[in-house]
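Enquirer: need a structure here:
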Amino acid sequence: MATVPDPAIGTLFPPAEPWQSGRLDVGDGHSIYFEQCGDPTGIPLVVLHGGPGSGCSPRMRQIFDPMRFRIVLFDQRGCGRSTPHGECAQNTTADLVADIERLRRHVGVERWLVTGGSWGAALAVAYAAAHQEACLGAILRGIFLTGAADLEWFFAGAGGRFPQAWQALDEVTPGQLHMALRDRLFDAVLGDDEGLSAETVRRWMQWEATLDGGAPAPLPEFPDAATRAVLVAKYRVQAHYLRHQCFLGEEQLLELAASLAGLPVAILHGEKDLVCRVENARRLHRAVPGSRLRVVAHAGHNPFAAEMLHALRDAAMQFAPEPD
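Expert: Next up, the predicted model:
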């Protein structure tokens, strides 16, 4: 079946509204938001968002071909439209893996293609390792291995690339200079001082944007209290996960990856990615027998960059090729 319309390579597919959305009670007081779009009879594909803590955006509906795929998106515990928003209790990787499997059964999918970027890629590995029989394959982008080396790079090592931007991050908690920067940031975001939490989030966002864009980024402003609350909640979940190395750690994640032998796995990583280093993708590729690695030229960490959209589309087409 030909795609109509067929957007040019490197662009998003046209916007589309979900044909189903709802909430799923997953226990422990958590309810997750989910939606489905694309072709109801297409190849099932579940999208695992990054962060941790970010939630799905409407643009994520536009990455994959809606004429070929039945696209399932959901907001992880405490994220986006899931409730309670920003909740860290009963919120671990094991909980999320169980939630994904509950969602698969709830929407009536027998097997699906699992895709995720950054933290979503790590979660995809954890889910596929636990439920390989439910997976058609995996497309993993912007590899985050969840361990101490990744955290050390993001919160310290990368500071040498943009020293002034990093200094702004380092100075947000000046009274706790005896602690590692990442621990100071986690304490501030998870603490009870609302003003300090909000300012820490602003500096953290600025640092992320600097690494993602490859140039010093301006300090973001919160237009209103509601926006500030949403963003602080997002980074509370992120701090909670990162403090615990996402309840995985690099060694365990690579062991899980090694169990995926026989499952089609495509690994994509931008050659200019400063948020997660390209060596992560090479290490994951070596760990997953039979996996395919593509280092995407001119791309960074952003999934919506033209080069990465092209690579994601190419990888997905291995599961839904053009008809004869």
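Enquirer: Only C-alpha atoms from now on, for both contacts and neighbour counts.
Expert: OK.
Enquirer: From residue 211, how far off is the spatially most central residue of the chain?
Expert: Residue closest to the mean C-alpha point of the chain, counted by CA atoms, centre = their mean, is residue 50 at 1.5 Å. Residue 50 is 16 Å from residue 211, where distance means CA to CA, to the nearest Å.
Enquirer: cool, residue 201 as well?
Expert: Going from residue 201 to residue 211 by CA to CA gives 15 Å.
Enquirer: what's the residue nearest to the centre of the chain in contact with, if anything?
Expert: Contact analysis of residue 50 by CA atoms under 8 Å, 6 or more residues apart in numbering lists 116-121.
Enquirer: so where's this structure uncertain?
Expert: Filtered on pLDDT under 70, the chain yields the residue ranges 1-10, 175, 177, 321-324.
Enquirer: got the domain boundaries for it?
Expert: Per automatic domain parsing, the domain ranges recorded for the chain read 20-147+248-317, 148-246.
Enquirer: how about those domains, which one is nearest residue 11?
Expert: Counting by CA to CA, residue 11 lies closest to domain 20-147+248-317 out of these; the figure is 6.1 Å.
Enquirer: Can you check the distance spanned by that closest one, start to finish?
Expert: With CA to CA as the measure, domain 20-147+248-317 spans 24 Å from end to end.
Enquirer: would you say residue 269 is within a strand?
Expert: Yes: assessed with DSSP: H, G, I helix; E, B strand; the rest coil, residue 269 lies in a strand.
Enquirer: what's the distance between it and residue 228?
Expert: Residue 269 is 31 Å from residue 228, by CA to CA.
Enquirer: Looking at these two, which one has more neighbours?
Expert: residue 269 (30 against 19; other CA atoms under 10 Å).
Enquirer: quick one: that one and residue 147, what's the gap?
Expert: Using CA to CA, residue 269 is found at 18 Å from residue 147.
Enquirer: Residue 245 too?
Expert: From residue 245 to residue 147 the distance is 6 Å (CA to CA).
Enquirer: go on, residue 285?
Expert: In terms of CA to CA, residue 285 sits 17 Å off from residue 147.
Enquirer: who are the neighbours in contact with the closest residue to residue 238 other than its chain neighbours?
Expert: The spatially closest residue to residue 238, leaving aside those adjacent along the chain, is residue 52, at 4.7 Å (CA to CA, 6 or more residues apart in numbering). By CA under 8 Å, 6+ apart, the residues touching residue 52 are 119-120, 237-238, 241.
Enquirer: Go through the residues you listed and give me the one with the most neighbours.
Expert: In those, the most neighbours by other CA under 10 Å go to residue 237, 27 neighbours.
Enquirer: Remind me what the host helix or strand of that residue packs against, helices and strands.
Expert: Using DSSP states H and E, the element containing residue 237 is helix 225-243. Applying 3 or more CA pairs under 8 Å, 6 or more residues apart in numbering; DSSP states H and E, we find helix 225-243 packed against helix 181-190, helix 194-213.
Enquirer: TSV for the ones you listed, including distance to residue 39?
Expert: What follows is these, written out as TSV (distance: least, CA to CA, whole Å):
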stretch	distance to residue 39
helix 181-190	41
helix 194-213	32
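Enquirer: Columns mean neighbour count and distance to residue 67 on top of those helices, output as TSV?
Expert: Below are the helices and strands packed on helix 225-243 laid out as TSV (neighbours: other CA atoms under 10 Å; distance: least, CA to CA, whole Å):
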stretch	mean neighbour count	distance to residue 67
helix 181-190	21	42
helix 194-213	20	31
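Enquirer: For the protein, which segments are assigned as strands?
Expert: Applying DSSP state E to the chain gives strands spanning 20-27, 30-38, 43-48, 69-74, 112-117, 135-141, 265-270, 292-296.
Enquirer: Now tell me what touches the first one from outside.
Expert: To tie it back to what came earlier, the one meant is strand 20-27. So strand 20-27 is contacted by 31-37, 82, 99, 102-103 (CA under 8 Å, 6+ apart).
Enquirer: now do the second one
Expert: For strand 30-38, the surrounding residues in contact (CA under 8 Å, 6+ apart) are 16-26, 61, 65-78, 81-84.
Enquirer: Give the burial count for the nearest residue to residue 17 once chain neighbours are set aside, as a bare number.
Expert: Of all residues not flanking residue 17 in the chain, residue 37 sits nearest, at 6.8 Å (CA to CA, 6+ apart). Residue 37 has 20 neighbours, counted by other CA under 10 Å.
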